[in-house]
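Peer 1: Quick one: sequence and predicted model below, then my questions.
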Number of protein chains: 2
Amino acid sequence: MAAALYDVTGIGNAIVDVIAHADDAFLAANGIEKGAMTLIDAARAEELYGRMGPGVEVSGGSAGNTMAGFASLGGRGAYVGKVCNDQLGSVFRHDITAAGVHFATDPLHGGAPTARCLILVTPDAQRSMNTYLGACVELGPEDIDEAMIAASQVTYLEGYLWDPPRAKEAFLKAAGAAHAAGRKVSLSLSDSFCVHRHHDEFLDLVANHVDILFANEHEIGALYGTDDIAVAVEAVKGHCEVAALTRSEKGAVIVAGGQVFEVPAAPVDRVVDTTGAGDLYAAGFLYGYTRGLAPAVCGRLGAIAAAEVISHVGARPEVSLAELVKGVV
Amino acid sequence: MAAALYDVTGIGNAIVDVIAHADDAFLAANGIEKGAMTLIDAARAEELYGRMGPGVEVSGGSAGNTMAGFASLGGRGAYVGKVCNDQLGSVFRHDITAAGVHFATDPLHGGAPTARCLILVTPDAQRSMNTYLGACVELGPEDIDEAMIAASQVTYLEGYLWDPPRAKEAFLKAAGAAHAAGRKVSLSLSDSFCVHRHHDEFLDLVANHVDILFANEHEIGALYGTDDIAVAVEAVKGHCEVAALTRSEKGAVIVAGGQVFEVPAAPVDRVVDTTGAGDLYAAGFLYGYTRGLAPAVCGRLGAIAAAEVISHVGARPEVSLAELVKGVV
């Protein structure tokens, strides 16, 4: 096999986050599902934005956050996602490129604007996300460069790609191209509501197409219809080569080559905003994986990257993760 | 005199800040004047943005920050400034409105985009600002509603308004309308380079049109051609009813009714980003002033508001300032 040009290529919904603080009463008054990612249309986005407090705009998108974190660790990454050629699209493009990630997907010209996610952070640091997909609905298989996928050691896909209509075709084309080239396919289940929306298709994906799976305990429970992490561990053993099942402050359970490893969470002085915790966990884990490190070390890298991102507002690292993990790798 | 509808109406350049971390080497390599506000054109803005690291977008503009802080304290405020009807203009409008400030200036349709300020924050928490004025250059006297100014106890103007070509006409129209209605006019000198650019006009303004002056020690020194704060204090005594001269961690000197008061700075655990310090000082001070509080109490309110804003990235308060000043007012 040829040497990989990229360690990881991430494919996802290209989104700019609009982050504001809110209390539980605001969530209740506006019918917002706490802790979840809810899809909203343009009219609802406008209505909700009008009611929200002042915000901060920062590039986001689950796989985009993962790739920014991956580059911050020193990894060679690429990203595929659809923005519009508007101001927020320029912001997204600048930020991911400035983070050191290759990003060459053609933007949409006119039509729906760049996607935004209205994120309400409550005093308990929990985030509730309301996503208007905008230009993301135009991502399709024509945006997948099979040669780039074949030149990537791992192709990483966010489960949220199942929401827009044609992104799943892009997703399957990329997974096929990766496997045809002898590369690995990784998936994040993204959100338990997302798992419920696409349950049967996700089960087929995990059983038949995914080598490296990321899920939190709620998502893996939704996939296998169980509240028992031990049951989920046994189920995923037969499906994926590697699975990292995260459990917030309880750490993570890693299943690799039939073995199970428990890795504690990394310490955090103060949890400010949990947005991006799973995305950055995947960044750290994949950084270790693509360097051939042991599963428990991969888990430790994931935990450190996640701990950094939940210590501040926003879902991308604010310091060099490569500096943070010195001594671990 | 009729009761005021607004305590303060602020007029300024309506700007969205794009904030990124950088080191001194980056400033040197890109010819950026450390600590200053430098005006840049569209081409330079694009070039510099391309070189900057990932950023955070947050509504700014000196007087805009002041009014957001003023509303956070519980004051009734209005704002006048020119955005374009583009995405960043919508962000600016949303944020200042959501902060509780009345904002009704017509946006520009087409033409130059909403202004942005590329802010590089160095590890010493100093900020270096690079402003592309965009739509701000279209602010003119037609944007001043004289009835609104007459209904405002104080009209607050940022010195930066002297930079775009027609804003000074708006500035003078507003000052005239305020005085004709028996109201007060307040000015921030904004930046020592700005004072140098418009020295003679600023001196005339301060001597003849301004009741309440805000300046840091460098700006007041530039105005009166002295490095000696005592000399500046004597000079300003003859010009303005009230002057608040800020000296960073050394606190502030307040000149009011011929008397001089020294007010210490408020404690800050860690200075993260000094952007907005002067803007929020003015917010706190004017909150006290419009409630008829003693000059030293006004100064203490300014110090507390400034301390909050320099403890985090971004130039607008992240917590309720009304909560912070409980016990002082």
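Peer 2: The structure has been received and is ready for your questions. Predicted model only: the values in this text are computed from it and were never measured.
Peer 1: tally of neighbours for the closest residue to A:Gln126 other than its chain neighbours?
Peer 2: With sequence-adjacent residues excluded and distances taken as CB to CB, 6 or more residues apart in numbering or on different chains, A:Gln126 is closest to A:Gly35, at 5.4 Å. For the C-beta atoms, the positions are set from N, CA and C on the backbone; glycine is no exception. A:Gly35 has 17 neighbours, counted by other CB atoms under 10 Å in any protein chain shown.
Peer 1: Also A:Ala22?
Peer 2: Number of residues near A:Ala22 (other CB under 10 Å) recorded here: 20.
Peer 1: close enough to count as contact, the residue nearest to A:Gln126 and A:Arg127?
Peer 2: Yes: using CB atoms under 8 Å, A:Gly35 makes contact with A:Arg127 at a distance of 7.4 Å.
Peer 1: Chain B contacts on the stretch 51-200 of chain A?
Peer 2: A:52-59, A:68, A:86-88, A:91, A:94-96, A:98-99, A:113 (CB under 8 Å from any CB of the partner chain).
Peer 1: Can you pull out the low-pLDDT segments for the stretch 1-150 of chain A?
Peer 2: Along the stretch 1-150 of chain A, segments meeting pLDDT under 70 span A:1.
Peer 1: where do the strands sit along chain A?
Peer 2: All strands of chain A, identified by DSSP state E, fall at A:6-11, A:15-21, A:37-39, A:56-59, A:77-80, A:102-103, A:115-121, A:127-132, A:152-158, A:184-188, A:212-216, A:242-246, A:252-256, A:259-263.
Peer 1: partners of the shortest one in the sheet?
Peer 2: Sheet pairing of strand A:102-103 (DSSP bridges) gives strand A:77-80 (parallel).
Peer 1: ok now the partner strand, how far from the chain's centre?
Peer 2: With CA atoms, centre = their mean, to the nearest Å as the basis, strand A:77-80 stands 13 Å off its chain's centre.
Peer 1: What of stretch A:191-202?
Peer 2: 15 Å.
Peer 1: Other residues contacting it?
Peer 2: Applying CB atoms under 8 Å, 6 or more residues apart in numbering or on different chains, the contact partners of stretch A:191-202 are A:33, A:36-38, A:159-160, A:162-163, A:168, A:189, A:216, A:218-219, A:221-223.
Peer 1: closest to chain B among these?
Peer 2: A:Thr38 (20.0 Å; CB to the nearest CB).
Peer 1: hmm, back to that, which of the strands of chain A sits closest to B:Gly10?
Peer 2: If you check each of the strands of chain A against B:Gly10 by CB to CB, strand A:56-59 wins as the nearest, at 21.3 Å.
Peer 1: Which elements pack onto that closest one?
Peer 2: Judged by 3 or more CB pairs under 8 Å, 6 or more residues apart in numbering or on different chains; DSSP states H and E, the packing partners of strand A:56-59 are strand A:15-21, helix A:87-98, strand B:56-59.
Peer 1: Any idea which of the strands of chain A gets closest to B:Val313?
Peer 2: Across the strands of chain A, closest to B:Val313 is strand A:56-59 (CB to CB), at 8.8 Å.
Peer 1: Could I get the buried residue list for that closest one?
Peer 2: A:Val56, A:Glu57, A:Val58, A:Ser59 (16 or more other CB atoms under 10 Å in any protein chain shown).
Peer 1: Same check on stretch A:109-118?
Peer 2: Neighbour counts over stretch A:109-118 (16+ other CB under 10 Å) mark A:Ala112, A:Pro113, A:Thr114, A:Ala115, A:Arg116, A:Cys117, A:Leu118 as buried.
Peer 1: Kindly check the end-to-end length of that stretch for me.
Peer 2: 23 Å (CA to CA, to the nearest Å).
Peer 1: Report the contact partners of the residue of the stretch 101-250 of chain A found nearest chain B.
Peer 2: Of all residues in the stretch 101-250 of chain A, A:Pro113 sits closest to chain B, at 7.1 Å by CB to the nearest CB. By CB under 8 Å, 6+ apart, the contact set of A:Pro113 is A:Cys84, A:Asp86, A:Leu88, A:Gly89, A:Gly134, A:Ala135, B:Gln87.
Peer 1: can I get those in TSV with neighbour count and distance to B:Asp211?
Peer 2: As requested, these are arranged in TSV below (neighbours: other CB atoms under 10 Å in any protein chain shown; distance: CB to CB, whole Å):
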residue	neighbour count	distance to B:Asp211
A:Cys84	24	48
A:Asp86	21	43
A:Leu88	26	41
A:Gly89	22	46
A:Gly134	27	48
A:Ala135	28	50
B:Gln87	24	38
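Peer 1: okay, among the residues you listed, which ones form the most distant pair?
Peer 2: Using CB to CB, those span at most 12.5 Å, a distance reached by A:Ala135 and B:Gln87.
Peer 1: Among the buried residues of strand A:56-59, which pair sits farthest apart?
Peer 2: So, the buried residues of strand A:56-59 by CB to CB: farthest apart are A:Val56 and A:Ser59, at 11.3 Å.
Peer 1: I'd like the strands of chain A as CSV, with distance to B:Glu323 appended.
Peer 2: Putting those into CSV (distance: least, CB to CB, whole Å) gives the following:
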stretch, distance to B:Glu323
strand A:6-11, 41
strand A:15-21, 13
strand A:37-39, 30
strand A:56-59, 20
strand A:77-80, 41
strand A:102-103, 42
strand A:115-121, 18
strand A:127-132, 23
strand A:152-158, 39
strand A:184-188, 39
strand A:212-216, 34
strand A:242-246, 35
strand A:252-256, 38
strand A:259-263, 40
